[in-house]
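**Student:** Structure here, sequence nowhere to be found:
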Ligand SMILES: NC(=O)C1=CN([C@@H]2O[C@H](COP(=O)(O)OP(=O)(O)OC[C@H]3O[C@@H](n4cnc5c(N)ncnc54)[C@H](OP(=O)(O)O)[C@@H]3O)[C@@H](O)[C@H]2O)C=CC1
Ligand SMILES: O=C1OC[C@@H](O)[C@H](O)[C@H]1O
């Protein structure tokens, strides 16, 4: 029997539009029959916005059954909502998730999970106390491509020993000082917003390497340029991490001044050859493996995405909640905390601070 998860969507911005479209696609189009999704409520800070969002982005046949709310709190008291999808700016994730967990709701919160690791740790503690499900929505981690990437490197060991990783996630944003990316008050800047994707490949290559066994890097050095129009946020960040055992050097870059190189956003180099992921790193569709002479030559693995691709993380959440799990095995909250610790250290090395109001952590 198909398990149907009832979603409440918090906020009506760009990613919320893509999410409601994706979860209302027929799951059979991606070969899924065990779970499905039903948006049952949408909340905005304005009732008009919630209503327009539903009429513009929900499928016509569902529009009459989705409740619009003019405040986030109303959504959290709706007993029909099984899980809340939090799609507010990063600066609000901690407060919104905390309120949702305290209301007893399961939560999928968009990336970046929080502004700092202390907030992430607090959310984990509250989720445990309330016995509800919690996950950061790093959709890329749920792509079939990402699962194959890990398998090719660590189970099939196609490249033999891995020596080096380059991981870039860059998006050219127009210079607009009012945009959330250029505003410190919304935790803008390249590091927190784009850095999550750069980190996905470092985690899968190094952190998850069987010889590393989920230990932090031995060395990490990071440099940043601040934005000339908003010096309180970073315009670009480069990070080098050394993982002594299995001896991998990982170079990660993010920028909001230029796009990722389309032909090679991710490159893993090993003793037997290299693995490349072309195009943009958050929604990749292809892996290319090139082995050195004597190997199998070039092999291309295609992973078509029948929609935007947010449904794969939603499917994982539905299965977890159906099965009574409180955390996801593929992307547990501990890994979100680890990523936030890296981000904290990168900011510490570069004296980058956000306003106190968004760095705050409530007493336990
Ligand atoms: N997974 C992915 O591919 C992507 C993820 N994201 C992540 O999703 C989150 C939202 O990004 P995105 O949708 O692009 O952002 P938008 O600016 O388009 O939308 C954010 C929404 O949050 C609500 N909101 C609440 N408080 C504020 C505030 N102080 N200022 C502005 N808006 C506020 C608003 O909804 P309302 O007015 O209805 O309350 C607004 O529409 C971010 O954390 C981002 O990193 C973003 C893009 C892609
Ligand atoms: O998650 C994201 O992916 C695409 C980017 O354009 C966006 O800023 C970011 O939030």
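**Tutor:** All right, it came through fine. Treat the numbers as computed from the prediction; the structure is a model and nothing was measured. Ligands and ions are numbered 1, 2, ... in the order given.

**Student:** need the contact list for the closest residue to residue 33 other than its chain neighbours.
**Tutor:** Nearest residue to residue 33 in three dimensions, chain neighbours excluded: residue 2, at 6.4 Å (CB to CB, 6 or more residues apart in numbering). Using the backbone N, CA and C atoms, a C-beta is placed for each residue, glycine as well. By CB atoms under 8 Å, 6 or more residues apart in numbering, the contact set of residue 2 is 27, 33, 34, 35, 36.

**Student:** just residue 122 next, same as before
**Tutor:** 94, 98, 361, 362, 364.

**Student:** if we go to 10 Å?
**Tutor:** Residues near residue 122 by CB atoms under 10 Å, 6 or more residues apart in numbering: 94, 97, 98, 101, 114, 361, 362, 363, 364.

**Student:** Which ones among these lie within helices?
**Tutor:** Mapping the contacts of residue 122 onto helices (DSSP state H) picks out 94, 97, 98, 101.

**Student:** Pretty sure the third one sits against residue 362.
**Tutor:** Think residue 98. Yes. With contact defined as CB atoms under 10 Å, residue 98 counts as touching residue 362 (6.8 Å).

**Student:** Now do the helices in this protein.
**Tutor:** Remark: helices assigned in the chain by DSSP H are 14-23, 47-57, 72-76, 90-102, 117-130, 144-150, 190-202, 311-322, 333-349, 356-359.

**Student:** Mean pLDDT added to those helices, as JSON lines?
**Tutor:** JSON lines is the format used below for the helices of the chain (pLDDT from 0 to 100):
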{"stretch": "helix 14-23", "mean pLDDT": "98"}
{"stretch": "helix 47-57", "mean pLDDT": "98"}
{"stretch": "helix 72-76", "mean pLDDT": "98"}
{"stretch": "helix 90-102", "mean pLDDT": "98"}
{"stretch": "helix 117-130", "mean pLDDT": "98"}
{"stretch": "helix 144-150", "mean pLDDT": "98"}
{"stretch": "helix 190-202", "mean pLDDT": "98"}
{"stretch": "helix 311-322", "mean pLDDT": "99"}
{"stretch": "helix 333-349", "mean pLDDT": "98"}
{"stretch": "helix 356-359", "mean pLDDT": "97"}
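
**Student:** counting contacts, what elements does the top strand by length along the chain pack onto?
**Tutor:** For the chain, the strand with the greatest residue count under DSSP state E is strand 230-243. Judged by 3 or more CB pairs under 10 Å, 6 or more residues apart in numbering; DSSP states H and E, strand 230-243 is in contact with strand 162-170, helix 190-202, strand 219-227, strand 248-255, helix 333-349.

**Student:** Since that was my last question, I'll sign off now.
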